[in-house]
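*Asks:* pasting a predicted model and its sequence here:
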Number of protein chains: 2
Amino acid sequence: MEQLNKDVKTVLIVDDEQAIIDVLKFNLLKEGYRILEAKDGLTGLNMALEEKPDLIMLDIMLPKLDGLSVCKRVKNTYNIPIIILTAKDAEVDKIVGLELGADDYITKPFSVRELVARVKANIRKADITLNERNVTTKTQEPQKKENKIEIGELEIDLDKFEVKVRGKVIDLTLREFEVLKFLASQPGQVVTREILLEKVWGYEYYGDIRTVDVTVRRIREKIEQDTSTPRILITKRGVGYYIATK
Amino acid sequence: MEQLNKDVKTVLIVDDEQAIIDVLKFNLLKEGYRILEAKDGLTGLNMALEEKPDLIMLDIMLPKLDGLSVCKRVKNTYNIPIIILTAKDAEVDKIVGLELGADDYITKPFSVRELVARVKANIRKADITLNERNVTTKTQEPQKKENKIEIGELEIDLDKFEVKVRGKVIDLTLREFEVLKFLASQPGQVVTREILLEKVWGYEYYGDIRTVDVTVRRIREKIEQDTSTPRILITKRGVGYYIATK
DNA sequence: ACAATCACAAATATATCAATGATAAAATAA
DNA sequence: TTATTTTATCATTGATATATTTGTGATTGT
């Protein structure tokens, strides 16, 4: 019972916010991990290559060298499990699309409980399937092969970042696409502007709430036949917006 | 046993009503806490970041910067326990939906006893799981169960903010929806106009009690077959209203 | 080109009041 | 006592003024 796993696992945290590092560090130390930390991408990359930690927690937004590049280069050399930290839900798709071998994603603000669990899970998995590249699986849910959302005459191809209405390809900007996608991923569910701002613009965004309205209008101009009586992207007055089911 | 916790805990109260601050202050001082106070969101935020209190009591409706933004920004940097004060029950759902990491909610008017208990509990919890983000709402399982209330021929979809009667979708305004929802959440229970005003309109609302009647009427016009003999939303003369069971 | 913000108009919801209608309680007569 | 009428109370309804929310064009910044 006493000497179970004497080898201490090392976790490298790469984040430019000291507060985040502190929280992660405190909790992972408590769990018995050794912690390395870096505040920019370049330092992080070097540390990763030199120290070969058992897991890396990697923020996307980093000075000097962005998280995605770090991820790619590390995975290029070692198969160290990497958990990506990101502020925007919408960003996750982009990362997935890039297939750069991240093993897991956590969106801020995160629960530490969940995070610690994920760290453990990923280290365990790496131990078992040692050196086997479990790249595509991720810890994500059984990501459906079919990367498409279809609701009535609306069709969203998540891989191609392409939207079709009544068979016709619609050209949306990224922001517009993300809003539409978020709404369409839960048709019928009314979503407040606040939630949209948090999920699409990111939880660190504190801009004008009307920004959502304007973006919605632009989407409507492109997908609705009659802007004044929308049939797809509907307003729930006093609450927010939703995508009509059927 | 003797030297338990000598360090004095600090509580920051952010509320624009002096009366509320006074009550909270008095009672928490009595319990041995140090009190900081702010009357608007901006001051509150700055105080929180500078003083790092052990707990924050935060009103939603605030001048300059609303409570939700303050909550978000504070949690962004420190994991200080935050108790949200809100006047409307209906508002709690919205807050929960936002997942902004508040630790607890209390609806006004609150009992001082309960409030003090909650303050203690939250500070204690923070001490134990120091720095752990116990975001109760965040660890949400994917897709909770059907968010629906069904009573006889009445059907309320809480996600879609949609009401069906005899299978037909009824278009209610937000206020109407909230009243119906409140009544339907406890079918058969007679609810006074006063309680409805407090729970739906908010305890700070001092308008005409007849407002409830009018809202009820409008609901009836939409859901009852014969307005003059309601079968769903029933009047208990001299008391209030209730939803007929079955 | 895209995104954000602002200000104002338009649409819609809400509160309030006064009049009317319904019901229960009280008073009165049989 | 019981039945009938009166009175007081409470609820419903319609009309309307007020308030809020949303849509939209213009403007600016990136």
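*Replies:* Looks like it arrived, so ask away. Residues are numbered from 1 along each chain as shown, chains lettered A, B, ... in the order given.
*Asks:* doesn't A:R175 make contact with A:F161?
*Replies:* No. A:F161 is beyond contact range of A:R175, at 11.9 Å (criterion: CB atoms under 8 Å). Just so you know, the C-beta spots here come from the backbone N, C-alpha and C atoms, and that holds for glycine as well.
*Asks:* is it true that A:I219 lies in a strand?
*Replies:* No. Using DSSP: H, G, I helix; E, B strand; the rest coil, the secondary structure at A:I219 is helix, not a strand.
*Asks:* and the residue of chain A found nearest DNA strand D, what are its bridge partners?
*Replies:* Nearest residue of chain A to DNA strand D: A:T235, at 3.8 Å (CB to the nearest atom of the strand). In this entry, A:T235 is beta-bridged to A:Y241, by DSSP bridges.
*Asks:* can you report phi and psi for A:K160?
*Replies:* phi -90, psi 0 (degrees, to the nearest 10).
*Asks:* again, but for A:I223
*Replies:* The phi/psi pair for A:I223 (degrees, to the nearest 10) is phi -110, psi -20.
*Asks:* which residue packs closest to it, ignoring adjacent ones?
*Replies:* A:V165 (4.8 Å; CB to CB, 6 or more residues apart in numbering or on different chains).
*Asks:* got the confidence number for that neighbour?
*Replies:* For A:V165, the model assigns a pLDDT of 90.
*Asks:* how many neighbours does the closest residue in space to A:N27 that isn't next to it in sequence have?
*Replies:* Take A:N27 and drop its neighbours on the chain: the residue closest to it by CB to CB, 6+ apart is A:V112, 4.9 Å away. By other CB atoms under 10 Å in any protein chain shown, 20 other residues sit near A:V112.
*Asks:* isn't A:V112 up against A:L28?
*Replies:* No. Using CB under 8 Å, A:V112 is not in contact with A:L28, being 9.2 Å away.
*Asks:* how does chain A divide up, domain by domain?
*Replies:* Domains of chain A are assigned by automatic domain parsing as A:10-128, A:148-243.
*Asks:* what's the closest of these to B:D7?
*Replies:* domain A:10-128 (18.6 Å; CB to CB).
*Asks:* what does chain A put close to chain B?
*Replies:* Contact residues (CB under 8 Å from any CB of the partner chain) of chain A with chain B: A:19, A:22-23, A:26-27, A:109-114, A:141, A:188-190, A:192, A:194-195, A:198, A:203-204, A:206, A:236-239, A:242.
*Asks:* for the residue nearest the centre of chain A, give me its contacts.
*Replies:* By CA atoms, centre = their mean, chain A has its centre lying nearest to A:V92, at 2.7 Å. Going by CB atoms under 8 Å, 6 or more residues apart in numbering or on different chains, A:V92 touches A:T86, A:Y105, A:T107.
*Asks:* how about those in a markdown table, adding secondary structure and pLDDT?
*Replies:* Shown next, in a markdown table, are the contacts of A:V92 (DSSP: H, G, I helix; E, B strand; the rest coil; pLDDT from 0 to 100):
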| residue | secondary structure | pLDDT |
| --- | --- | --- |
| A:T86 | strand | 81 |
| A:Y105 | strand | 80 |
| A:T107 | strand | 77 |
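*Asks:* nearest to chain B, of those residues?
*Replies:* Using CB to the nearest CB, A:T107 comes nearest to chain B of the contacts of A:V92, at 9.7 Å.
*Asks:* ok, the closest one to B:M57 distance?
*Replies:* According to CB to CB, to the nearest Å, A:T107 stands 28 Å off from B:M57.
*Asks:* got it, and A:V179?
*Replies:* For A:V179, the distance to B:M57 - CB to CB - is 34 Å.
*Asks:* between these two, who's got more neighbours?
*Replies:* B:M57 (28 against 25).
*Asks:* the one helix or strand the more buried one maps to pairs with which strands?
*Replies:* Secondary structure from DSSP states H and E places B:M57 in strand B:55-59. Sheet pairing for strand B:55-59, assigned by DSSP bridges, gives strand B:10-14 (parallel), strand B:82-86 (parallel).
*Asks:* Three-state assignment for the residue of chain A found nearest chain B, please.
*Replies:* Nearest residue of chain A to chain B, counting by CB to the nearest CB: A:G238, 3.4 Å away. Secondary structure assignment for A:G238 (three-state DSSP): coil.
*Asks:* for A:S228, see how far away it is.
*Replies:* Applying CB to CB to A:G238 and A:S228 gives a distance of 19 Å.
*Asks:* quick check on those two: which one has the bigger neighbour count.
*Replies:* Shown here are A:G238 and A:S228; by other CB under 10 Å, A:G238 has more neighbours (13 against 6).
*Asks:* pLDDT-wise, which helix or strand of chain A ranks last?
*Replies:* Here the helix or strand of chain A ranked lowest by mean pLDDT, DSSP states H and E is helix A:89-98, holding a mean of 66.
*Asks:* follow-up on the earlier one: just send the strands paired with strand B:55-59 back as a markdown table, with distance to B:K125 and mean neighbour count too.
*Replies:* Converted to a markdown table, these look like this (distance: least, CB to CB, whole Å; neighbours: other CB atoms under 10 Å in any protein chain shown):
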| stretch | distance to B:K125 | mean neighbour count |
| --- | --- | --- |
| strand B:10-14 | 15 | 24 |
| strand B:82-86 | 12 | 23 |
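*Asks:* which of those comes out lowest on mean pLDDT?
*Replies:* strand B:82-86 (a mean of 89).
*Asks:* include distance to DNA strand D when you put the strands paired with strand B:55-59 into CSV, please.
*Replies:* Shown next, in CSV, are the strands paired with strand B:55-59 (distance: least, CB to the nearest atom of the strand, whole Å):
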stretch, distance to DNA strand D
strand B:10-14, 22
strand B:82-86, 15
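*Asks:* pull the longest helix from chain A.
*Replies:* helix A:112-128 (DSSP state H).
*Asks:* quick one: mean pLDDT for that one?
*Replies:* 78.
*Asks:* what angle separates that helix from strand A:10-14?
*Replies:* 130 degrees (axes from the mean of the first three to the mean of the last three CA atoms, to 10 degrees).
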